[in-house]
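>>> Quick one: sequence and predicted model below, then my questions.
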Amino acid sequence: MFTAQEWTAIALSLKVGAIATVASLPVAIAVAWLLARGRFPGKALVDGLVHLPLVLPPVVTGWLLLLTFGRRAPIGAFLAEHFGLVFSFRWTGAALAAAVMGFPLMVRAIRLSIEAIDERIEQAAASLGAPPLWVFATVTLPLAARGIAAGAVLAFAKALGEFGATITFVSNIPGQTQTIPAAIYTYTQTPGGDFGALKLSLVAAVLAFGALVASEIAVRRAGRPGVGG
Amino acid sequence: MIEVDVALARSDFTLRAAFTGGAGITALFGPSGCGKTTVIRLVAGLERPDRGRIALGATVLVDTERGVRLPAHRRRIGLVFQDAQLFPHLSVAGNLAYGRFFTPRAARRVEQARVVEVLGIGHLLARRPATLSGGERQRVAIGRALLTSPDLLLMDEPLAALDESRKLEILPFIEHLRDAFAIPILYVSHSVEEVARLASTVVKMEKGEVAGVGAPAEVLSPTRVATSIERFEAVSILTGRIAAVDAAYDVTTIEHPAGRIVVPGRLGPIGGAQRLTVGATEVTLARARGSETSVRTALTGRIEKVVADGGPFALVTLALDGGEKLHAYVTRLGFDALGLSVGDAVSALIKAVSIDERGLAGAEPEPARR
């Protein structure tokens, strides 16, 4: 039904999406909390930076990534030398591009859910003797669970569909960096490739829908932080 | 003992408050926007004052001059909000247990079983907050705060969000815990009935400043002819002893130096001290106790002061036999028709039905036990 190359693209897409989502989630939660609760100078600037990938043309984001994390770029060279972490033209680069592109969506969803928590419920926890980190872990996080799940799904779906930044940053190398969208693009550029494009498009739709259902189930399992309080 | 002396300025509001609260319930009383909730938040450590010092016993919580500021979670002060703010993702038992881990073993003097019993929440332990009534939530919130064995309990309008019948449900619990756990309470309220019933000390606040500190009977006394709405909030507080219960008519007689006071309902125990709240608009003045009226309560005293501002009303303050003060709002017309003046003996008639039972169900606070 699928060719070996198609299977590779599907597996790679899943891997890239999962890694991008899992790796960026803790950072996104921290940034979302800072933006929701923090009072510091330059908050508007941080907010703007976080949202940048959402409004920039993806190809620009991809090119900026190349400038920053490329083999000879300052950060890219440093990471390659000290941690053996190479991004350019590798699947890790695709994951990085997907993470960056999905980051604003993730932060947005989590931030909204944190802002929806009445600050006094956290203050109540503090008055019971809980230090700030404990309050965050036992009150803020559970109450923001829906937003976190929603943010993770959005970011994962975005990662599955991410094309522009990825292809600019890590190109379209079958078996290396060719994710589902890149494979579809290749099919559309090949005479008689319509059937292949259709197959992979269906796969993309099923995966995105599956992620949505999975998150819905996860949220319901994670206790119902019912209405009122 | 809590000592507060703070100043704070916001763009739309300034606060300068200094007072000391002792054992029992210290009420912060005043209209909305007078700064009483801000005082609570300063004491809890949720806000910082521009200048000042707050000390709880020997512990300095805030001292801006010395640069001391204890964070909220290390103050050992319980906090009860107007709306309970329970943790919606935890059961009632989980809510109650939340603070336990942070209470040093040596400081745990409030037992869970006792709290559950006093607040009557044993049947709720497995439930989620969303399934509780407003009154039940508030009881759980009080229990949650109590279980950390706090050195001080802050209650910010704990009854304001509840309807009348729920208030009646909670009030006795608050009285009971005041007497049962010997934890001093700082209680914010704008309800004169609550304050008159619960407080041993009242701190009256107006526009961000302390307008008076003292016993409820002194501080809550009206001092001027009130505006048309305020006059219904003017009260006198009398203390008597329960003398007899008439089961046939379902009334209780309370012995007071100035006469017998009949109130609805059965109060007990016989001989116990009883605090009463009498609205100033519910008092009728008479030269002598007339027999041809349905009023059963007539207190004797002398007119101490009459305040009138040329409007329709006069505020008459009586010194009752035994020394307590009773305030009466009457029309100026009616008072002049009586032909009385300061120093004259007078009879004050009070309708039993106007004495609200809920102002009565609680006994006089006993000295705190340790």
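Done, it's in.
>>> C-alpha only now, for contacts and for neighbours.
OK.
>>> Tell me which residue in chain B sits closest to chain A.
Closest contact between chain B and chain A, by Cα to the nearest Cα, is at residue B:73 (4.1 Å).
>>> That residue: what's it in contact with?
By Cα atoms under 8 Å, 6 or more residues apart in numbering or on different chains, residue B:73 lies in contact with A:126-131.
>>> Please narrow those residues to those residing in helices.
A:126-127 (DSSP state H).
>>> Also near chain B: which of the contacts of residue B:73, exactly?
Restricting those to those touching chain B (Cα under 8 Å from any Cα of the partner chain) yields A:126-131.
>>> ok, and the most crowded of these?
With neighbours taken as other Cα atoms under 10 Å in any protein chain shown, the top of the ones next to chain B among the contacts of residue B:73 is residue A:128, carrying 33 neighbours.
>>> Contacts only, for the closest residue to the residue of chain B closest to chain A other than its chain neighbours.
Counting by Cα to Cα, 6 or more residues apart in numbering or on different chains, the nearest residue to residue B:73 once its immediate chain neighbours are dropped is residue A:129, at 4.1 Å. Contacts for residue A:129 were tallied using Cα under 8 Å, 6+ apart; they are B:72-76, B:99, B:102-103, B:148.
>>> cool, and residue A:124?
Per Cα under 8 Å, 6+ apart, neighbours of residue A:124: B:79-80, B:85.
>>> sorry, back to before: and the residue nearest to residue B:73, what are its phi and psi?
Backbone torsions for residue A:129, taken as degrees, to the nearest 10, come to phi 110, psi 0.
>>> quick one: it and residue A:121, what's the gap?
As for residue A:129, its distance to residue A:121 is 13 Å (criterion: Cα to Cα, to the nearest Å).
>>> swap in residue B:10?
24 Å.
>>> try residue B:63
With the distance defined as Cα to Cα, residue B:63 ends up 26 Å from residue A:121.
>>> Tell me how many other residues crowd the closest residue in space to residue B:141 that isn't next to it in sequence.
What sits nearest to residue B:141 in space, not counting adjacent residues and going by Cα to Cα, 6+ apart, is residue B:84, at 5.4 Å. Neighbourhood size, residue B:84 [other Cα under 10 Å]: 25.
>>> follow-up on the earlier one: dump the contacts of residue A:129 to JSON lines, plus secondary structure and distance to residue A:182.
Output for the contacts of residue A:129, formatted as JSON lines (DSSP: H, G, I helix; E, B strand; the rest coil; distance: Cα to Cα, whole Å):
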{"residue": "B:72", "secondary structure": "helix", "distance to residue A:182": "54"}
{"residue": "B:73", "secondary structure": "helix", "distance to residue A:182": "53"}
{"residue": "B:74", "secondary structure": "helix", "distance to residue A:182": "56"}
{"residue": "B:75", "secondary structure": "coil", "distance to residue A:182": "58"}
{"residue": "B:76", "secondary structure": "coil", "distance to residue A:182": "59"}
{"residue": "B:99", "secondary structure": "coil", "distance to residue A:182": "53"}
{"residue": "B:102", "secondary structure": "helix", "distance to residue A:182": "54"}
{"residue": "B:103", "secondary structure": "coil", "distance to residue A:182": "58"}
{"residue": "B:148", "secondary structure": "coil", "distance to residue A:182": "59"}
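>>> who wins for most neighbours among these?
residue B:148 (29 neighbours).
>>> ok, back up a step: between the contacts of residue B:73, which sits nearest residue A:34?
Comparing the contacts of residue B:73 against residue A:34 with Cα to Cα places residue A:131 closest, at 17.1 Å.
>>> Please report the confidence value the model assigns to the closest one.
Taken from the predicted model, the pLDDT recorded for residue A:131 is 94.
>>> List the contacts of it.
With contacts defined as Cα under 8 Å, 6+ apart, the neighbours of residue A:131 are residue B:73.
>>> Distance of it relative to residue B:141?
19 Å.
>>> who in chain B is up against chain A?
Going by Cα under 8 Å from any Cα, the residues of chain B near chain A are B:44, B:46, B:72-80, B:84-89, B:98-99, B:102-103, B:129-130, B:144-145, B:148.
>>> from the chain's centre, how far out does the strand or helix carrying residue A:134 sit?
Applying DSSP states H and E as the criterion places residue A:134 in helix A:132-135. Relative to its parent chain, helix A:132-135 has a centroid offset of 26 Å by Cα atoms, centre = their mean, to the nearest Å.
>>> Okay, buried residues for it please.
If you call a residue buried by 16 or more other Cα atoms under 10 Å in any protein chain shown, then helix A:132-135 has these buried ones: residue A:135.
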